[in-house]
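Student: curious how this folds, go ahead:
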Amino acid sequence: MRNNQISLPELIKFFAEYRNNIIINIKHLQENYQRTGIKRVKGVRDEKGELLQPWLQTEYIDNAEYAGMGEFQFNRNTATINMLIKRKVKLTKSEDKTPTLEVAGLLVNDLNSFNNYTIVSDGKINIKSLQVKISSKKAFDWLKEKCVLDAEDFDFHAEYTIQLDNLPLVAANSHYSSIDGLFNQLAELKVLSSIISAYLKKESEIFIAPQLDEFKKHYLSKNTYINFPTTNEYTNIHEALVNGTLDSRLSYKIDIGSQDILNLSKFPSANKFLNRMYRLYDKDSGEIIIKPNCEMVFNENLAVRHRLLSSRTKITKVDEFMKPIFDDFLGLEQNGVVVDILKKVDADILAQLFQDRQTGKQISKQEMVAALSAANTKLEKYVENIYQDKISPLVFYIGCTGLLPDQIKAKPMTAEEAAAKYPNLQFFKNEQEGTFFAVGDNIISIYAKTEYYSKLISVGIDN
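Tutor: Predicted coordinates:
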């Protein structure tokens, strides 16, 4: 690496800082892009496998050659970097392209579509270059100094090529944060966010139920994001592999966990855990609710108790971890864990409402929904910051190099060796062939998984 040459992650960081001063030739990107996943098409299939398309479609408002620089994100479990590009679209009828301007009393003539483009896929460059225009001389000078641009003089009219495939994927002097304590922190956040998300599934702090039904008919989420039903472009995966529509590759997943719980995928959904460990029943009749869900937990006519478990029920470390959070949230045990988590992410309004509710104060549903929505946004943002700042850079390094950073000293273990040393760990089938490292109180696991992708090169404008 030349003294002034930068790594690709450093360039991505620069792009994020100057994203308002760089525009991308989106048509060039689409025409030369190789998918890393399976192409999905809008619609659903009937019993005969025929594709039934939505009655609405989207059209780009600008249909321009250039789009704003996207937002970048490192994947949480693989050496992958994605660029999310947002563009303005309108809804039109598929039949005659008549525009849909209003839904449920809301103007919908200025919606956003989001498209992810994978820059690095499993430690390999997927986008070789970007064609861009630059509006900031300061940005141009920095790119020129770092030998990313070939041009001598700044010209805001000119289109420049930024070559990505000649940049190192990791910096020579990379340093990585300690991951001690992060897994338990992430697990707490995940469990509480899962409960709140399950409760809010059909709730909105702004819109009423008939409006949400109207949104659904027009393929809009409660947050007014476009949400078309999609299905695979093929009907038979084996035929698609034979005729070349699909291909496969090995993807290496990197996870962190504890000495008791291998990774976050071991945690069940909030509704599944509620059904396994608790009973909801009618306060007056005592009738037990079959298949309870978290949407019911604030129903004034219902009460909750622990489920009487049979002797055959095996309590796992995941159960032991989730139970105190659920007990506190459901009001069965005031252990303070929920308020502690909420205060950690500055969700003070919900923390106060939660304490008020525990003292018997009546909280309106509207007030609770608003507080839960705001808190969940903060929980998700807090989790995302932990990943992007502390975990994803480490995952990216391991996935690109196949090695642990020099600062981490650990011997590899097989699943059998890890299970013998840490008997509480549970392994899914695809994890049993993995490699495991004990790093402090953490377990880093690396295992292969087969991924399928569409071989079509150009994504087209309908993606």
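Student: so what does the longest helix along the chain touch, helix or strand wise?
Tutor: When the chain is parsed with DSSP state H, its longest helix is helix 365-386. When contacts are defined as 3 or more C-beta pairs under 8 Å, 6 or more residues apart in numbering; DSSP states H and E, helix 365-386 packs onto helix 182-200, helix 337-344, helix 348-358. All C-beta spots, glycine's among them, are computed from the backbone N, C-alpha and C.
Student: what sits up against that helix?
Tutor: With contacts defined as C-beta atoms under 8 Å, 6 or more residues apart in numbering, helix 365-386 is touched by 182, 185-186, 189-190, 192-193, 196-197, 199-200, 203-205, 298, 341-342, 344-347, 349-350, 353.
Student: the helix or strand following it vs helix 365-386, what angle?
Tutor: Remark: after helix 365-386, the chain's next helix or strand is helix 392-401, criterion DSSP states H and E. If you take axes from the mean of the first three to the mean of the last three C-alpha atoms, to 10 degrees, helix 392-401 sits at 40 degrees to helix 365-386.
Student: how about the CA coordinates for helix 392-401, as CSV?
Tutor: This file holds the C-alpha atoms of helix 392-401, laid out as CSV (Å, rounded to 0.1, in the frame of the first residue of the first chain):
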residue,chain,number,x,y,z
SER,A,392,-19.2,-5.0,12.1
PRO,A,393,-15.6,-3.7,11.6
LEU,A,394,-14.3,-6.8,13.4
VAL,A,395,-16.7,-9.0,11.4
PHE,A,396,-15.5,-7.4,8.2
TYR,A,397,-11.8,-7.9,9.0
ILE,A,398,-12.3,-11.6,9.9
GLY,A,399,-14.4,-12.2,6.7
CYS,A,400,-11.9,-10.5,4.4
THR,A,401,-8.8,-12.0,5.8
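Student: mind checking the pLDDT average for it?
Tutor: Averaging pLDDT along helix 392-401 yields 95.
Student: that helix - contacts with which helices or strands?
Tutor: Short answer (3+ C-beta pairs under 8 Å, 6+ apart): helix 392-401 packs on strand 71-74, strand 246-258.
Student: how far does the helix or strand hosting residue 238 sit from the chain's center?
Tutor: Per DSSP H and E: residue 238 is located in helix 237-242. The chain centroid and the centroid of helix 237-242 are separated by 28 Å under C-alpha atoms, centre = their mean, to the nearest Å.
Student: check which helices and strands it is in contact with.
Tutor: strand 246-258.
Student: so what does the strand it packs on touch, helix or strand wise?
Tutor: helix 182-200, helix 237-242, helix 392-401, strand 442-454.
Student: just send these back as TSV, with mean neighbour count and distance to residue 425 too.
Tutor: Shown next, in TSV, are the helices and strands packed on strand 246-258 (neighbours: other C-beta atoms under 10 Å; distance: least, C-beta to C-beta, whole Å):
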stretch	mean neighbour count	distance to residue 425
helix 182-200	20	13
helix 237-242	13	32
helix 392-401	22	19
strand 442-454	18	7
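Student: of all these, which lies closest to residue 321?
Tutor: helix 182-200 (6.2 Å; C-beta to C-beta).
Student: same for that closest one, what does it pack against?
Tutor: So helix 182-200, by 3+ C-beta pairs under 8 Å, 6+ apart, packs with strand 246-258, helix 270-277, helix 317-330, helix 337-344, helix 365-386.
Student: in TSV, list these along with mean neighbour count.
Tutor: Converted to TSV, the helices and strands packed on helix 182-200 look like this (neighbours: other C-beta atoms under 10 Å):
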stretch	mean neighbour count
strand 246-258	18
helix 270-277	19
helix 317-330	19
helix 337-344	19
helix 365-386	17
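Student: residue 20: which of these is closest?
Tutor: helix 365-386 (21.0 Å).
Student: could you tell me the end-to-end distance of stretch 166-174?
Tutor: 18 Å (C-alpha to C-alpha, to the nearest Å).
Student: and the contacts of that stretch?
Tutor: 1, 5-11, 79, 120, 123, 125, 148, 393, 396-397, 400-401, 405.
Student: off-centre distance for it?
Tutor: That offset, for stretch 166-174, works out to 26 Å (C-alpha atoms, centre = their mean).
Student: buried residues in it?
Tutor: 167, 169, 170, 174 (16 or more other C-beta atoms under 10 Å).
Student: of all these, which two lie farthest apart?
Tutor: Top of the distance list for the buried residues of stretch 166-174 (C-beta to C-beta): 167 and 174, 14.0 Å.
Student: tell me which of the helices and strands packed on helix 392-401 lies nearest to residue 232.
Tutor: Per C-beta to C-beta, nearest to residue 232 of the helices and strands packed on helix 392-401: strand 246-258, 9.2 Å.
Student: what strands line up against that closest one, and which way round?
Tutor: The pairing partners recorded for strand 246-258 under DSSP bridges are strand 442-454 (antiparallel).
Student: what about dumping the CA coordinates of the partner strand to CSV?
Tutor: Provided in CSV are the C-alpha atoms of strand 442-454 (Å, rounded to 0.1, in the frame of the first residue of the first chain):
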residue,chain,number,x,y,z
ASN,A,442,-17.1,-14.2,24.5
ILE,A,443,-17.3,-16.9,21.8
ILE,A,444,-16.6,-15.8,18.2
SER,A,445,-18.0,-18.4,15.7
ILE,A,446,-17.3,-18.7,12.0
TYR,A,447,-19.3,-21.1,9.8
ALA,A,448,-20.2,-21.5,6.2
LYS,A,449,-23.6,-21.2,4.7
THR,A,450,-24.7,-21.8,1.1
GLU,A,451,-26.3,-18.7,-0.5
TYR,A,452,-28.1,-18.5,-3.8
TYR,A,453,-28.0,-15.5,-6.2
SER,A,454,-29.6,-14.5,-9.5
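Student: next one: it to chain centre, how far?
Tutor: Centre to centre, stretch against its chain (C-alpha atoms, centre = their mean), the figure for strand 442-454 is 16 Å.
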